[in-house]
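> Show me the folded form of this:
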Amino acid sequence: MIKQSWIEKGYADEPIPAGTNLAKEIRKMCKEKNAVILAHFYTVGAIQDVADFVGDSLALAQKAAKTDADIIVMCGVNFMAETNKILCPDKTVLLPDLNSHCSLAESCPADKFAEFVKAHPGYKVLSYVNTSAAVKALTDVVVTSGNAKEIVESFPQDEKLIFGPDYNLGNYINSITGRNMLLWNGACDVHERFSVEKIVALKAQYPNAQILAHRKRHSSRNAEVMPRKEIHTCSARRQYMRLQRMCLHAPQHNGETLQLPEIRMAFHRRKPRNSSKGSETH
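Numbering: from 1, shown residues only. The predicted model follows:
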């Protein structure tokens, strides 16, 4: 029986008997049902520890495509589960929290994006992988932050291109390729919260620290990466946790701790941001 409260919350919320070893029981159930757990970097450590694979959305999609499991449990946000289902149509894909929204994906509603594309005939459409399945259906090429530059440069210099949904990533790619892509004005709420002032203050406090910034940062917040003895990250706390595990030898300082709230539970439980309109800025 499915409870109404489950539907409203987007997940089953029931008491767990005292003394239950959740990690052990989860792994036992995975074995019984031939299920695999994929966890995004943004999930809490306890979920990463129980997962079969941990990575970014692209890496997890690649794992999903190769798995022989019957069930894929995608511990991430909606578009990740959709992507897994696209790649594995014959498998059962479970999203533990149906209300786990990605603010970037939701900054690009498919109906509005369709209008934007229609208003610019003759353009090829490139979309960042962090988009809904409906937006991907309107797209000619899906890119990642890692291969966007290479894919953009594979088009003739005079090719008319639309890039969405992440304005910051598209603007960055324009700046390093000399292209003039038409950009959809979308953004990740979390990444938008980083301030230049806080980063400058932390740099003053830790002058020898290397600053790492994701390409989805606003261009004014990016910094040249040079080898240093310390690491300063400008990303979400869960990525910082992963970095801690990978770079145990280096002191690390996370700017997010000064200005961003904890990303609650395993997912972003944020209300959809207001619909963005396409930007005519090239």
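
> Can you list the low-confidence ranges for the protein?
189-195, 212-282 (pLDDT under 70).

> change it to 90
Flagging of the chain using pLDDT under 90 yields the residue ranges 1-16, 41-45, 55-59, 61-62, 98-106, 130, 144-146, 168, 187-282.

> Going along the chain, name the strands of it.
35-40, 53-55, 71-75, 92-94, 124-128, 141-143, 161-164, 182-183, 209-213, 230-234, 252-254 (DSSP state E).

> Which among those is found nearest to Ser107?
strand 161-164 (9.2 Å; Cβ to Cβ). All C-beta atoms are positioned from the backbone trio N, CA, C, and that covers glycine.

> For that closest one, what is the distance to the chain centroid?
Here the centre of strand 161-164 is set off from its chain's centre by 18 Å, with Cα atoms, centre = their mean, to the nearest Å.

> Who are the packing partners of it?
helix 110-118, strand 124-128, helix 167-177, strand 182-183 (3 or more Cβ pairs under 8 Å, 6 or more residues apart in numbering; DSSP states H and E).

> Format the ones you listed as CSV; extra columns: distance to Leu161.
As requested, the helices and strands packed on strand 161-164 are arranged in CSV below (distance: least, Cβ to Cβ, whole Å):
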stretch, distance to Leu161
helix 110-118, 12
strand 124-128, 5
helix 167-177, 9
strand 182-183, 7
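
> Save these as CSV, and put in distance to Lys3 and mean neighbour count too.
Converted to CSV, those look like this (distance: least, Cβ to Cβ, whole Å; neighbours: other Cβ atoms under 10 Å):
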stretch, distance to Lys3, mean neighbour count
helix 110-118, 30, 16
strand 124-128, 36, 21
helix 167-177, 40, 21
strand 182-183, 43, 23
